[in-house]
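Student: Based on what follows, work out the 3D shape:
(chains A and B)
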Amino acid sequence: MTVLVGYGNTMRRDDGVGWRVVRQLAPHCTGVQVITAHQLMPELAADVAGAAQVVFVDASIDGTPGEVGIHRLHPLDRLEDAHALTPPGILYLASYLYERVPPAHLVTITGETFALGDTLSATVEAAVPRAVDVICELLTGCDKA
Amino acid sequence: MPQTITIDPVTRVEGHGKITIQLNDAGEVADAHFHVTQLRGFETFAEGRPFREMPGLMARICGICPVSHLVASAKACDELLAVRIPRTAVNLRKILNLAQLIQSHALSVFYLSAPDLLLGMDADPKERNILGMLATDPQLARNGVRLRQFGQQVIERLGGKRIHPNWVVAGGVSDPLTEDARDTILAEIPEVKQIALDALQWFIPLIDQFRDEIKVFANFPTMYMGLMNPDGSLEHYDGVLRVIDADGELVTDIDPFDYMESIGEAVEDHSYLKSPYYKPLGYPDGIYRVGPLARLNMATRAGTPLADAALKDYQSLDWAERQSSFYFHYTRLIEILYGIEKIEELLNTRDILSTNVQAQANVNSFEGVGVSEAPRGTLLHHYKIDENGLITWANLIIATGHNNLAMDRGVLQTARKFIDGNNIQEGMLNRVEAVIRTFDPCLSCSTHAIGQMPLHIQIKAPDGSVVKSVTRG
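Tutor: Reported below is the predicted structural model:
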């Protein structure tokens, strides 16, 4: 089972792009558990630890708006702050609590605006297909590629 | 010379609380208050919106208990339609509500309060958090994670997403339950049931370590209020809205539509959180508590086998002892067990896969009141609409509000026991936080802080000057 996690705040425009991407992908994937979340919480570690592969999808403030990035992830060596968990923090929890860390990637889409609103900017909207394609190449069980 | 300690909060804007403690000339605690300093304003946001938007809109009040608002709001909308919704829809809503209760209670017990319970109230605050808990008892952490995950997955399997599902609508639910989702949930029941039993076995031996806290953690006689089946068994969706007195005797069963005759809402200038009270006794004598402590102090039985046995053990404690809000923790764990058993029971009802899950109707009434039991207690949504179905007025009474008077009084009781104005220790501050945590107020949930709650504590001298100001987060 592959776990696909799209997270962010869908009420802050481009911050919700992770949700959009994973939901667009879901119909094309078999054997993939799609999870959407506003933020990463400790219980996600249980889902991640049981997965063969995990891909996190999030908006980024780094880079040029619409830019799609791929980052190979590794668990943190230790967790010093449980207030705001990151994907490597979730991998740490998976390792610590369940002694298992699947191969993991973070796919980012650089946002243009994080103002109040539930629509993506045109730039980020145009980047969604590219992000979908990138993730399809990473995933086993995606028939879109 | 006045001393000031400041620890800035690391949490977000939502969920800020403040405690002020007034000292007398001898440095003893004379008065104390709990303040909620945030303003949400959802009642006003609702005005002018089509009533069918209300469940989805109101769910946005909270990221921890959106389902509770969905359910209470949809019940109020059912009244606007003046329909009896299909039995399957009722049972599906109940399952969703119980799943919400399980994940929220697990958050409260395992993420927020377990560090105090496991490591001690006086433990180093650098370790007295979820990370310290992970290091000390990973299995306990795994159990908490699993219960949270189970509750959220049930919500997701029914409602389509873990947070803010829009599945509960006026007249029922939008989609039926699939056979695959039912079977998947049922297959997980034995595992999580055992975890809930293990959690009780972990907690019960801890009780003796907290005798001092039990004595003063909002430990005073109050009335209790909550939904209940007419036979006295636990209920979180239907039933009667019952009030019992401080001796456990029935006071009244309130018709939710007429709640305003029984519940008043006082406003204090030190807090944005209103203070509901039982009107016949006036303010503030009409103090009452809601939530798991209230529900399990009121219930004569849970209604499921394992929870019945757990409730019997709990109720073997003296009635007087069970007035301590410390026992919110105990009763949360019993309700987790009950929720799991009840979900299993509901999933096995013969028509749970029926596709008839929504009553179709137009507006037939211009006023509706919906009540449900949220994890933290009785949640009440009250709407009025015009002939076009637009909201003209809304009133919400949330569980944390019902408990406001008790939290305020509990802070004073705890401060009087533990605070020495001339020698303030960190453990004292933690106990003041911990008494608030027993209630699991919504403000702590919405801050997204794990294991800590942003509190601003002020100790004032008789002239009103601030002797000490402590912000924790």
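Student: Could you give the average pLDDT over the host helix or strand of residue B:115?
Tutor: If you go by DSSP states H and E, residue B:115 is part of helix B:114-119. Averaging pLDDT along helix B:114-119 gives 91.
Student: Would you mind identifying the next helix or strand past it?
Tutor: Counting by DSSP H and E, what follows helix B:114-119 is helix B:130-136.
Student: Which strands or helices does that following helix pack on?
Tutor: Here helix B:130-136 touches helix A:87-98, helix B:114-119, helix B:138-159, going by 3 or more Cβ pairs under 8 Å, 6 or more residues apart in numbering or on different chains; DSSP states H and E. All C-beta spots, glycine's among them, are computed from the backbone N, C-alpha and C.
Student: next helix or strand past the first one?
Tutor: Read it as helix A:87-98. strand A:104-110.
Student: what's the angle between that following strand and helix A:87-98?
Tutor: 160 degrees (axes from the mean of the first three to the mean of the last three Cα atoms, to 10 degrees).
Student: Which strands and helices lie in contact with strand A:104-110?
Tutor: helix A:17-25, strand A:53-60, strand A:68-72, helix A:87-98, helix A:122-138.
Student: As TSV, these with mean pLDDT and distance to residue B:230 would be great.
Tutor: Formatted as TSV, these follow (pLDDT from 0 to 100; distance: least, Cβ to Cβ, whole Å):
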stretch	mean pLDDT	distance to residue B:230
helix A:17-25	95	44
strand A:53-60	97	49
strand A:68-72	96	58
helix A:87-98	95	44
helix A:122-138	95	54
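Student: Tell me, how many residues neighbour the residue of chain A found nearest chain B?
Tutor: Per Cβ to the nearest Cβ, residue A:43 is where chain A lies closest to chain B, at 4.2 Å. Residue A:43 has 27 neighbours, counted by other Cβ atoms under 10 Å in any protein chain shown.
Student: what sits against it?
Tutor: By Cβ atoms under 8 Å, 6 or more residues apart in numbering or on different chains, the contact set of residue A:43 is B:145-146, B:148-149, B:152.
Student: Equivalent analysis for residue B:406, please.
Tutor: Going by Cβ under 8 Å, 6+ apart, residue B:406 touches B:218, B:222, B:287-289, B:325, B:439.
Student: As TSV, those residues with pLDDT, secondary structure and neighbour count would be great.
Tutor: Shown next, in TSV, are the contacts of residue B:406 (pLDDT from 0 to 100; DSSP: H, G, I helix; E, B strand; the rest coil; neighbours: other Cβ atoms under 10 Å in any protein chain shown):
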residue	pLDDT	secondary structure	neighbour count
B:218	96	coil	26
B:222	97	coil	22
B:287	97	coil	23
B:288	98	strand	26
B:289	98	strand	26
B:325	97	helix	28
B:439	90	helix	28
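Student: any chance of those in a markdown table, with distance to residue B:276 too?
Tutor: Shown next, in a markdown table, are the contacts of residue B:406 (distance: Cβ to Cβ, whole Å):
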| residue | distance to residue B:276 |
| --- | --- |
| B:218 | 16 |
| B:222 | 12 |
| B:287 | 9 |
| B:288 | 8 |
| B:289 | 11 |
| B:325 | 17 |
| B:439 | 14 |
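Student: So which of these is the closest to residue B:296?
Tutor: residue B:289 (11.5 Å; Cβ to Cβ).
Student: hey, what's the closest one bridged with?
Tutor: residue B:224 (DSSP bridges).
Student: So it versus chain A, what's the distance?
Tutor: Distance from residue B:289 to chain A, counting by Cβ to the nearest Cβ, to the nearest Å: 29 Å.
Student: Phi first, then psi, for the residue in the stretch 201-350 of chain B positioned nearest to chain A.
Tutor: Going by Cβ to the nearest Cβ, chain A is nearest to residue B:336 of the stretch 201-350 of chain B, at 14.4 Å. Main-chain torsions, residue B:336, degrees, to the nearest 10: phi -60, psi -50.
Student: Could you double-check that it lies in contact with residue B:108?
Tutor: No. Between residue B:336 and residue B:108 there is no contact under Cβ atoms under 8 Å: 10.1 Å.
Student: on contacts alone, who are the packing partners of the helix holding residue B:115?
Tutor: helix B:130-136, helix B:138-159, helix B:426-439.
Student: what's near enough to touch the closest residue to residue B:404 other than its chain neighbours?
Tutor: Residue nearest to residue B:404 in three dimensions, not counting chain neighbours: residue B:275, with 4.6 Å by Cβ to Cβ, 6 or more residues apart in numbering or on different chains. Residue B:275 makes contacts with B:265-268, B:283-284, B:401, B:404-405, B:408, as judged by Cβ under 8 Å, 6+ apart.
Student: Got the phi and psi for residue B:275?
Tutor: Torsion angles, degrees, to the nearest 10, at residue B:275: phi -120, psi 90.
Student: With residue B:379 instead?
Tutor: Dihedral angles of residue B:379 (phi, psi; degrees, to the nearest 10) stand at phi -120, psi 130.
Student: next one: residue B:287
Tutor: phi -60, psi 140.
Student: got the contact list for it?
Tutor: Per Cβ under 8 Å, 6+ apart, neighbours of residue B:287: B:222-223, B:277-278, B:405-406, B:409.
Student: Looking at those, which is nearest residue B:351?
Tutor: Among the contacts of residue B:287, and counting by Cβ to Cβ, the member closest to residue B:351 is residue B:223, at 38.1 Å.
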